[in-house]
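1. My questions are about this predicted structure, shown below with the sequence.
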Amino acid sequence: MSRPLLYPLAEGTTRAQSLAVRERCGDAGRVWTSWAGMAQSQGWVRRYFKAFCKGFFVAVPVAVTFLDQVACVARVEGTSMQPSLNPGGSQSSDVVLLNHWKVRNFEVQRGDIVSLVSPKNPEQKIIKRVIALEGDIVKTIGHKNRYVRVPRGHIWVEGDHHGHSFDSNSFGPVSLGLLHAHATHILWPPERWQKLESVLPPERLLVQSEEDCLQGSP
Amino acid sequence: MLRGVLGKTFRLVGYTIQYGCIAHCAFEYVGGVLMCSGPSMEPTIQNSDIVFAENLSRHFYGIQRGDIVVAKSPSDPKSSICKRVIGLEGDKILTSSPAGFFKNHSYVPKGHVWLEGDNLQNSADSRYYGPVPYGLITGRIFLKIWPLNDFGFLRDSPNGHRFSDELGK
């Protein structure tokens, strides 16, 4: 016989076709048809598994990259940014939108509310307002030096609730490399939906900013 | 025909985004290949050596004394520095010259590390800009790939006397 004894069957073979093969191949065909029947009923399992793998390896990196590089959402704990954030104290925590894309080049303005890796505890993120940029001279509250010049590549951050805030007045200027994201909006609770404004608190005006120094003003 | 071209463009963009995200996750969470420049880590790492850095240790807070790490520069967040960890938080560090008469010690603050290059004469490191926050560390170098005659795991520090457990003796 020139014909091969066993015919491998493709997925989706109909019952009529499987019967036809059985007739042609006799006993060997019977083994193959039962196999094909099983494969067809299990074909959906293999297809589902393939689709799951494809989805997993596409969706997880894309989602992780998006949350790391574009934007994510976080709940604010603590009272160091009252009254701008968490004015209700422990009853209701604000949920803010953190925008990573805006700080990808480490560009921040005075008055921005930013989240950064805590210099004292790398496992924790803290959220504070930027008071001064590099080159500015700040009048501190409770720091060991009265006046501090912010070094190159650093920023001075403070919580709005002075006295109840673990900020640059405790740990000094922070390196821009620790910058994590810019908090742009409050998302929850709904009655506190708003865009967070980048304003310096009026009592925290700078002694001297870098621009003043460069223009040579007295 | 326009629909065919548009379809192909969308597929291309989709694949680019997909593979770009996979590459980003690999570099961020697993590791990558880096080229080091500068003389501050000689003789362990020479100028223009290519090394392999892994980023898992810093996410699991497993950086040890004696590791060579890559970190963002404290004064310029867009550039990186490559130094050895001499002290972890709480360690006692000799900040003055070891040959000097009065030895100044200080303690590494919480959440920071003390970095020094192996080439002590020609390295701007923590002796110059102070302790570096742990959050600036981006990876740990553990394998040198190029030049091939120096392929392999990296040597221990030639400056063993700088480590704090030596100071206690």
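-> Received it, and whenever you're ready, just let me know what you need. Note that the structure is a prediction, hence the values are computed from the model and not measured.

2. right, is the lengthiest strand in chain B up against chain A?
-> With DSSP state E applied, the strand covering the greatest number of residues in chain B is identified as strand B:76-87. Yes: interface with chain A: strand B:76-87 contributes B:Asp76, B:Pro77, B:Lys78 (CB under 8 Å from any CB of the partner chain). In this view, the C-beta of every residue, glycine as well, is placed from N, C-alpha and C.

3. Please name every helix or strand in contact with that strand.
-> strand B:68-73, strand B:112-116 (3 or more CB pairs under 8 Å, 6 or more residues apart in numbering or on different chains; DSSP states H and E).

4. and those strands, which is most packed in?
-> Highest mean neighbour count of the helices and strands packed on strand B:76-87: strand B:112-116, a mean of 25 (counted as mean count of other CB atoms under 10 Å in any protein chain shown).

5. beta partners for A:Ile113?
-> A:Arg129 (DSSP bridges).

6. Not counting sequence-adjacent ones, nearest residue to B:Ile68?
-> Excluding its sequence neighbours, the residue lying closest to B:Ile68 (CB to CB, 6 or more residues apart in numbering or on different chains) is B:Ile141, at 4.5 Å.

7. can you state the direction angle for the helix or strand containing that neighbour and strand B:112-116?
-> Secondary structure from DSSP states H and E places B:Ile141 in strand B:137-146. Calculated by axes from the mean of the first three to the mean of the last three CA atoms, to 10 degrees, strand B:137-146 forms an angle of 30 degrees with strand B:112-116.

8. buried set for strand B:137-146?
-> Under the neighbour-count criterion of 16 or more other CB atoms under 10 Å in any protein chain shown, strand B:137-146 has B:Ile137, B:Thr138, B:Gly139, B:Arg140, B:Ile141, B:Lys144 buried.

9. hang on, the earlier thing: reformat the residues of strand B:76-87 next to chain A as JSON lines; add pLDDT and neighbour count.
-> Below are the residues of strand B:76-87 next to chain A laid out as JSON lines (pLDDT from 0 to 100; neighbours: other CB atoms under 10 Å in any protein chain shown):
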{"residue": "B:Asp76", "pLDDT": "91", "neighbour count": "15"}
{"residue": "B:Pro77", "pLDDT": "92", "neighbour count": "19"}
{"residue": "B:Lys78", "pLDDT": "92", "neighbour count": "11"}
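
10. neighbours of B:Tyr128, just the number please.
-> By the criterion of other CB atoms under 10 Å in any protein chain shown, B:Tyr128 has 9 neighbours.

11. about what we covered before: of the residues of strand B:76-87 next to chain A, closest to A:Lys102?
-> B:Pro77 (14.6 Å; CB to CB).

12. Spit out the contact partners of the closest one.
-> Each residue near B:Pro77 by CB atoms under 8 Å, 6 or more residues apart in numbering or on different chains is listed here: A:Phe106, A:Gly153, A:Ser175, A:Leu176, A:Gly177, A:Leu179.

13. What ranges in chain B fall below the confidence cut-off?
-> B:96-100, B:161-169 (pLDDT under 70).

14. and the spatially most central residue of chain B, bridged to which residues?
-> The geometric centre of chain B, computed from its C-alpha atoms, lies nearest to B:Val70 (CA atoms, centre = their mean), at 1.5 Å. Assessed by DSSP bridges, B:Val70 has beta-bridge partners B:Cys82, B:Gly139.

15. Let me see the ranges of the strands in chain B.
-> Using DSSP E, strands in chain B cover B:31-36, B:49-54, B:68-73, B:76-87, B:92-94, B:105-107, B:112-116, B:132-133, B:137-146, B:152-153.

16. now those as JSON lines including distance to A:Lys102?
-> Below are the strands of chain B laid out as JSON lines (distance: least, CB to CB, whole Å):
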{"stretch": "strand B:31-36", "distance to A:Lys102": "25"}
{"stretch": "strand B:49-54", "distance to A:Lys102": "28"}
{"stretch": "strand B:68-73", "distance to A:Lys102": "18"}
{"stretch": "strand B:76-87", "distance to A:Lys102": "15"}
{"stretch": "strand B:92-94", "distance to A:Lys102": "37"}
{"stretch": "strand B:105-107", "distance to A:Lys102": "37"}
{"stretch": "strand B:112-116", "distance to A:Lys102": "27"}
{"stretch": "strand B:132-133", "distance to A:Lys102": "22"}
{"stretch": "strand B:137-146", "distance to A:Lys102": "21"}
{"stretch": "strand B:152-153", "distance to A:Lys102": "40"}
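
17. right, and the ones you listed - which one's nearest A:Leu116?
-> Closest approach to A:Leu116 among the strands of chain B (CB to CB): strand B:132-133, 9.8 Å.

18. Partner strands of that closest one, with direction?
-> Strand B:132-133 is paired, per DSSP bridges, with strand B:112-116 (antiparallel).

19. can you give me the offset of the partner strand from its chain's centre?
-> Put simply, strand B:112-116 sits 11 Å off its chain's centre (CA atoms, centre = their mean, to the nearest Å).

20. That strand to strand B:76-87, inter-axis angle?
-> Going by the same axes, to 10 degrees, strand B:112-116 makes 90 degrees with strand B:76-87.

21. could you check the angle strand B:68-73 makes with strand B:112-116?
-> 110 degrees.
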